[in-house]
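> Model the structure of this input:
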Amino acid sequence: MAQEFIKFGKNLVDTREFLAPGHNFCLGCGEVLAMRLVCKTLGEKVIIAMATGCDEVSSTPLPVTSWRVPWVHTLFENVGAEISGIEAGMKALMRKGRIPQRDIKFVGMAGDGGTMDIGLQALSGAIERGHNFLYLCWDNEAYMNTGIQRSSGTPYGASTTTAPAGKISVGQRTWKKNMVEIAAAHNIPYAATACPSYPFDLMNKVKKGAEIEGPAYIHILCPCPVGWRFPSNLTIEIGRLAVETGIFPLYEVENGRYKLNIDRPKLKPVEEYIKPQGRYRHLPQEELQKIQERVNEEYAKLKAKVAAFAA
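Got it, this is the predicted structure:
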């Protein structure tokens, strides 16, 4: 494909599509929106390892594939191990002169379940060993591909098939795992959050993470109309509300330094984000207040970290 770029503001965007049309993603899927932007940012000199999940089954319906770059499917729990093995193997082949020296970006991709739950051990090991790769978590806040089961990325109060709301249950009883903080605690050079509702912020972070030497981690919130139960035309708006309410702040941790990318003078009430979503419709006002208090607390902690490095 001939390389062509168009300019949007200060950004040059590749017009080529490395994730081809014809996939089976749901209408309004936030994950495929993010994936397309990521692929346009990474370009063609890339090797991608991807776990089983919505992203894999929707982009590779046998006997065809939507991938126009080297792409490898691996087991649910294996992405960290596989992409680090690919990176080490390619470096060895170049060092021995078996293949030409070239700049290849190594990228691992998995959902919240494959990242935060059963893939965490392999990811932690790959990060700890210092492999040069970019890891992207597509966070739609449940195991959506297999029927909307709860994960450790499912937020408090959300109703799923394995944490259903009812007379004696609020739905998900635990608070969402902070995976970016876990990644940053490995003292890696780059960790960040992103969302396709803020496309250029996402693309800039992917570019930065891919170019940094060493492990980089980006946690991408991907609104899911099916699992979150909202109309498919609201995907971008739901993602923006997640950021504007402080539910999912956009920030970076670069060499240990925290930076907020979107810092609103005043956050919107979390109710504005929660109300359009059917997975929360059972929540009484006291539970909404509980979530609001938690968001205020966590956002204040993040702001304090940012301020500590700005001083």
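> among the helices and strands of the chain, which has the poorest mean pLDDT?
For the chain, counting by mean pLDDT, DSSP states H and E, strand 5-8 ranks last in confidence among helices and strands (a mean of 67).
> need the next SSE after that strand, C-terminal direction.
strand 11-14 (DSSP states H and E).
> Can you list the neighbours in contact with that following strand?
3, 4, 5, 6, 7, 40, 41, 43, 200, 203, 204 (CB atoms under 8 Å, 6 or more residues apart in numbering). Using the backbone N, CA and C atoms, a C-beta is placed for each residue, glycine as well.
> Can you list the strands that it pairs with?
Applying DSSP bridges to the sheet, strand 11-14 is found paired with strand 5-8 (antiparallel).
> Work out for me the element residue 108 sits within.
According to DSSP H and E, residue 108 maps onto strand 105-111.
> try residue 219
With DSSP H and E as criterion, residue 219 is part of strand 216-221.
> Repeat that for residue 101.
Here residue 101 is assigned to no helix or strand, by DSSP H and E.
> Pretty sure it sits against residue 90.
No: between residue 101 and residue 90 there is no contact under CB atoms under 8 Å: 10.4 Å.
> who has more neighbours, these two?
residue 90 (16 against 9; other CB atoms under 10 Å).
> so who does that one touch?
47, 99, 104, 106.
> Let's see if you can find the most crowded of the residues you listed.
Using other CB under 10 Å as the neighbour test, the contacts of residue 90 are led by residue 106, with 23 neighbours.
> Could you check how far the residue nearest to the spatial centre of the chain is from residue 128?
Residue closest to the mean C-alpha point of the chain, counted by CA atoms, centre = their mean, is residue 220 at 2.4 Å. Look at residue 220 and residue 128: by CB to CB, to the nearest Å, they are 22 Å apart.
> Helix, strand, or coil at residue 258?
strand (DSSP: H, G, I helix; E, B strand; the rest coil).
> In contact with it, which residues are there?
Taking CB under 8 Å, 6+ apart, one finds 251, 252, 302, 305, 306, 308, 309 in contact with residue 258.
> If we use 7 Å, what do you get?
251, 305, 306, 309 (CB atoms under 7 Å, 6 or more residues apart in numbering).
> Indicate each strand paired with the strand or helix carrying residue 138 and its parallel or antiparallel sense.
Using DSSP H and E, residue 138 sits within strand 134-139. Sheet pairing for strand 134-139, assigned by DSSP bridges, gives strand 105-111 (parallel), strand 216-221 (parallel).
> Low-confidence ranges, this structure, go.
1-3, 7-11, 311 (pLDDT under 70).
> What segments of it are strands?
5-8, 11-14, 46-51, 71-74, 105-111, 134-139, 165-166, 169-170, 190-194, 216-221, 251-254, 257-260 (DSSP state E).
> what about the strand holding residue 219, distance to the chain center?
Here strand 216-221 is found 4 Å from its chain centre; the criterion is CA atoms, centre = their mean, to the nearest Å.
> ditto for stretch 58-73
Taking CA atoms, centre = their mean, the mean C-alpha location of stretch 58-73 is offset from the chain mean by 20 Å.
> What is the neighbour count of the residue nearest to residue 24 when sequence neighbours are not counted?
Spatial nearest neighbour of residue 24, excluding adjacent residues (CB to CB, 6 or more residues apart in numbering): residue 58 at 4.4 Å. A total of 18 residues lie near residue 58 under the criterion other CB under 10 Å.
> Hmm, residue 25 and residue 58 touching each other?
Yes: if you go by CB atoms under 7 Å, residue 58 and residue 25 touch, sitting 4.5 Å apart.
> Of all the strands paired with strand 134-139, which one is nearest residue 67?
Nearest of the strands paired with strand 134-139 to residue 67, taken as CB to CB: strand 105-111 at 11.1 Å.
> sorry, back to before: need the CA coordinates for the strand holding residue 219. PDB is fine.
Extracted in PDB, the C-alpha atoms of strand 216-221 (Å, rounded to 0.1, in the frame of the first residue of the first chain):
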ATOM      1  CA  ALA A 216       5.300   0.500  27.800                       C
ATOM      2  CA  TYR A 217       1.700   0.000  28.900                       C
ATOM      3  CA  ILE A 218      -1.400   1.800  27.700                       C
ATOM      4  CA  HIS A 219      -4.800   1.100  29.300                       C
ATOM      5  CA  ILE A 220      -7.600   2.000  26.800                       C
ATOM      6  CA  LEU A 221     -11.200   2.300  27.900                       C
END
